[in-house]
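Visitor: Show me how the following folds:
(2 chains)
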Amino acid sequence: MGSNASIMLQQEDLQNICQQTGFTAKQVQRLYSRFKTLDKRDCGFLTREDLLCIPEVNINPLGERLIDVIMDDYGENNKINFKQFIFLLAKFRRGRVKSSTTEFNTRDSKLRFLFDMYDRNHDMKIDREELLQVLKMMVGGNIHDDQIATIADHTIGELDSDGDKSITFEEFCKTLERIDADDKMSMKFLS
Amino acid sequence: MYQNKHSIFLIILLGFIIHKYYCKEQTYEHKPNKPLRFHVAEFNFDHVSDVYAITLWILLGSLAKIGFHLSHRLTEKFPESCLLIILGLIVGGLLYVTHLTEQKAYVLNSDTFFLFLLPPIILEAGYFMPNRPFFDNLGTILLLAIVNTLFNTICIGLTLWGFQFTPLYGGTEFEMLPCLVFAALISAVDPVAVLATFSEIHVNDMLYIVVFGESLLNDAVSVVLYRMFASFANIGQPNIIVMDIVLGCLSFFVVALGGVLIGIIFGVIGCFTTKFTEHTPVLEPLIVLVYAYLAYLTSEMVSVSGILAITFCGMVMKQYVSFNISKKSDATTEYVLKMLSSIMETIIFMFMGLSTVSDSHSWNTGFVFMTVLLCLVFRVIGIAIFANIANCWRLLELTRIDMLIMSYGGLRGAIAFALALVLDEAKIARKKEFVTATIAVVFFTVFIQGITIGPLVKLLNVRRKQIEEPTMSAKLTNRMMDHVMTCLEEISGSGGSNSLRDRVRNLDRNYFKRWLLREPPDRKDIKLLQTFKKINTLTAMRVHDTARGLVPSASTATVQQGMPEHHHLRSHSAYGNVSELIAANLPENTVPDLMSYENHEGEHHHNDAEMHHFLDTNLYSARPRAAIHLRNQDETGSSDDGTHARFEKSYHHRDQRYLPTRLERELPHGPKTISKTVHNANRPIGLKNSSPKHTRSPPTTHQQPNPRSRSRSIAAHQNSPIPSGQRTKSISKDSRISPLASTHIENEGTGRTAVERSRPWRHLSVTEETGASSSKTANIPLANGNDPNLHHIPLTVADFGGTYTKSPEYMGEYATTTKPEEPSSRPDVRDIFNKQSEDVSEQQDDGSTESITRL
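Guide: Numbers count the residues shown, from 1 in each chain, chains lettered A, B, ... in the order given. Model prediction:
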């Protein structure tokens, strides 16, 4: 499989990937070369450190959290191979027309990814602690903890409809209906 | 509606009468045999005529607008701009009939238009520009604004010129260059018309910004083309060399980039200025307006695009100024901008209708028809071509329907008209035809397209703009999406708009914010916090606007939970003294106050009037605490925490020096209030406790006068609070505590109870700040929630803490009534008090002497 970086991408693998993800062959090739650039030690998988080497990711407040998600949910043992890598990115491919939407890049899967950014214990609920963590990452600075807690409480109060002081995926989706999550969570892959 | 119409006509009539009279006056002046005499009052319309006319115009415009909006049916069917033009036409007709058109002030003059009417509209547009959609769609906007306008100009100009060889124009000849000049002015989409129309149809942000952005940014192109062709026409077609054309193209970059640069420079200077306006906040809105106007004038002076300059000036200022200036100034700036632009827009449309009625027309059916047709056709073609090109890189593609609306929304307006008016008739022989055709196109687009675009948008089911309130969750998730996408773009190596935005944002945070803001942000995501504040303010405003007795909307519940905490947290930050803290916190404080006021109104309903009366008479002496007494008696046990909160708060806010005198006066007052209201067996305790205190307390002789006389003096005092020097000072120190505010403060306590009950720890922050906490006596005030008198007593003991000694018996007595819940969570105010009063015991004595002697 593509996990072996030293070998060029096999033709059938390529086709397989294209079919499953909806990427064009050129896009896959391009992503593959990107993957190899990131994979400095040339061992066929990316580690946490590899991703953190990208300066923009490094300084991004949510960079580490994103890498957590990538490594835990998409890779295994803190490694991510090319196939996992491309399936991850396939989520954010923009479906030009309806037919090009695959099982990966539905709105639901994109929202699920966002949800997973919060929900690190996979109990399908964002509880106060999880929200606090994310808020702290984003706001940072010398804001007092209590203030962040206030914001967190407020946010939960906005979303929580069943009063369990946590946000389920359904609640999460419902309030995001007004946001063009589909557009915002898509990117243009160079071909 | 009808009444307003009447008033409008009345105004017009008034204008006429004044004017007629003025004309008569002039004729009288020439009568020689009138002896000179002193006049008590002189009629001197000449002196004010111009300004008077302008003011009347503004009044007429405002009244017209008010009148139109009184009828929903009218404004639903017709855009306001149409109605205004019609009104203008009517007035113009009247003026024409009465031959007043010769008066300069009554017709649209392009200097007036470009120097006064246009800048406020554009500044408003720039200041309220939705930055995110604007920059997201910048590529498309630039493509349309530059290339599409160029394409339109050349195509329309050449086709119009080409048709002169057919018999369509009835033999009238049009030269090529004048045709191009005309095309340059007619092909530019007009921001004023677009704003006026699109603000009523509420299409989605993307569509709006693409059309509106185009109309703003194409100014550079149309200015350059217009000027270039006009000067070519001056030079004369045979004399043009290639160099002229090259220079013309170069001048585009100068005009466009020069305008943007001037705008940004003035914007930055403006922001920098507001860094130092801390002590002159009244001038802040003016700074914004003046710098923006200066940017416009400067760029007009050096003949670069003023519209671009003022747009970018507004955009830059908005980014930083609102952080620097006070909340009031911010609101004022926004409001003034809205007001100015709205009235200018009204006047522009009215003037357009007005100026239509004049002699300088030359109707050429063929030419007018062709112009209208070509404008439409090339607009559609241009959009079709360039939108498809833009789709190559756009993430969110423009659909066919989008394109249709974009081409249909390409309205022409007053800018074209004003430009047509300044054409030089000596050089361009067909000026009259051009003016007429321009008016025809403007009327066609504003009337036909303007009226039909609304139904069309509905018919085609174009995605509308979601009128949404900011929600914390949406903002948070939006930010998260941005971050995630930025990271993923970097990881996948396909650097897109997200990573670019991120870089710009970092640059902004690291450099611009640092230079331009008073307090450089040390937080990563200031927007997130801003949103939170905004939500709170909005909720507060809504509650404030709701009539008393209405239940606030559901979302307030969460805020009610959030706000007080927010307030407490503020107190953590480094405010030097109490009054500063109060000043900083109060505007937000009113939020929970009002809310709790609404919520708890029922409980205290019967108590309300009494309380108000009480507050009125005792405001100077014992504002918050007196209220506590009174309130306390009616409160049920559930609000004990609230009582405590008020209790603490009232001390917190109070200037310590004045405590003794005030409290002393309050002492006999306590039982009095109690007796007013219903209460129980605790009363004797209260009385019993207060009387031994007097006997036992022997501090200074003058402080212990005849009890009876003192109580009498207090009673007198109750009716007329004496504003002693010290006391007034204390009032001014926390100047925001007006009678109303004091009600808020004590109401806030009740509002907070729910929160505190659930999170008692939060309350600590306030008291911690005063630096005193005691576990020993902590729960006394708390325990007395049901018992007003008991509650009252510890206070009085504390009041005399500086001079009286606390007796252990009392403590013991309290201890028996104390419920042992929440043992050490609440520091006792009494300790704070004791400390304070010890500090100022000397002043205390003086103060009390003073008050007593005066009483």
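Visitor: A:F115 is in contact with A:F169, isn't it?
Guide: Yes: if you go by CB atoms under 8 Å, A:F115 and A:F169 touch, sitting 5.4 Å apart. In this view, the C-beta of every residue, glycine as well, is placed from N, C-alpha and C.
Visitor: Please say which of these two ends up with more neighbours.
Guide: A:F115 (20 against 16; other CB atoms under 10 Å in any protein chain shown).
Visitor: helix or strand for the more buried one, which one?
Guide: If you go by DSSP states H and E, A:F115 is part of helix A:107-118.
Visitor: contacting residues around the helix or strand following that helix?
Guide: Using DSSP H and E, the next helix or strand after helix A:107-118 towards the C-terminus is strand A:125-126. Under the criterion CB atoms under 8 Å, 6 or more residues apart in numbering or on different chains, residues A:115, A:118-119, A:156, A:164, A:166-168, A:172 lie in contact with strand A:125-126.
Visitor: Output these in a markdown table, with distance to B:K275 and pLDDT appended to each entry.
Guide: A markdown table is the format used below for the contacts of strand A:125-126 (distance: CB to CB, whole Å; pLDDT from 0 to 100):
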| residue | distance to B:K275 | pLDDT |
| --- | --- | --- |
| A:F115 | 42 | 83 |
| A:Y118 | 38 | 82 |
| A:D119 | 43 | 81 |
| A:I156 | 37 | 81 |
| A:D164 | 47 | 78 |
| A:S166 | 43 | 79 |
| A:I167 | 41 | 81 |
| A:T168 | 46 | 83 |
| A:F172 | 41 | 80 |
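Visitor: Who wins on neighbours among the residues you listed?
Guide: Neighbour counts for these peak at A:I167, which has 28 neighbours (criterion: other CB under 10 Å).
Visitor: Which residue is the nearest non-sequential neighbour of that residue?
Guide: Residue nearest to A:I167 in three dimensions, not counting chain neighbours: A:I126, with 4.1 Å by CB to CB, 6 or more residues apart in numbering or on different chains.
Visitor: Now for that neighbour, how many residues are close by?
Guide: Neighbours of A:I126 under the rule other CB under 10 Å: 27.
Visitor: same deal with the one 3 residues further on?
Guide: The burial count assigned to A:E129 is 11, neighbours taken as other CB under 10 Å.
Visitor: and if you look at B:P281?
Guide: B:P281 has 15 neighbours, counted by other CB under 10 Å.
Visitor: Next one: B:I439 from chain A, what distance?
Guide: Note on B:I439: its distance to chain A, by CB to the nearest CB, to the nearest Å, is 41 Å.
Visitor: check which helix or strand covers that residue.
Guide: In this assignment (DSSP H and E), B:I439 forms part of helix B:431-443.
Visitor: Name the next helix or strand downstream of that helix, please.
Guide: Moving toward the C-terminus from helix B:431-443, the next helix or strand (DSSP H and E) is helix B:450-459.
Visitor: Number of residues surrounding B:I90?
Guide: B:I90 has 17 neighbouring residues, counting by other CB under 10 Å.
Visitor: Point to the helix or strand of chain A where mean pLDDT is at its lowest.
Guide: Within chain A, no helix or strand scores below helix A:181-184, which has a mean of 70 by mean pLDDT, DSSP states H and E.
Visitor: which residues sit against that one?
Guide: Here helix A:181-184 makes contact (CB under 8 Å, 6+ apart) with A:107, A:110-111, A:114, B:395-396, B:477-478, B:481-482, B:485.
Visitor: Spell out which residues make up each domain of chain B.
Guide: With domains defined by the TED database, chain B comprises B:3-25+B:45-98, B:110-460, B:475-536.
Visitor: Worst mean pLDDT among those?
Guide: Lowest mean pLDDT within the domains of chain B: domain B:475-536, a mean of 74.
Visitor: before we move on, the earlier item: among the contacts of helix A:181-184, which one lies nearest to B:R503?
Guide: Checking the contacts of helix A:181-184 against B:R503 by CB to CB gives B:D482 as the nearest, at 12.4 Å.
Visitor: residues contacting the closest one?
Guide: When contacts are counted by CB under 8 Å, 6+ apart, B:D482 touches A:184, B:498, B:501-502.
Visitor: Wasn't A:I80 part of a strand?
Guide: Yes: judged by DSSP: H, G, I helix; E, B strand; the rest coil, A:I80 forms part of a strand.
Visitor: Can you tell me the closest non-neighbouring residue to B:N148?
Guide: Nearest one to B:N148, counting by CB to CB, 6+ apart, is B:G382 at 4.5 Å.
Visitor: how about the one you found, what does it touch?
Guide: The neighbours of B:G382, taking CB under 8 Å, 6+ apart as the test, are B:144, B:148, B:151-152, B:155, B:407.
Visitor: These in strands, which ones?
Guide: Among the contacts of B:G382, no member falls in strands (criterion: DSSP state E).
Visitor: Which helix or strand contains A:L46?
Guide: Assigned by DSSP H and E, A:L46 belongs to strand A:45-47.
Visitor: State the mean pLDDT of that strand.
Guide: Averaging pLDDT along strand A:45-47 gives 80.
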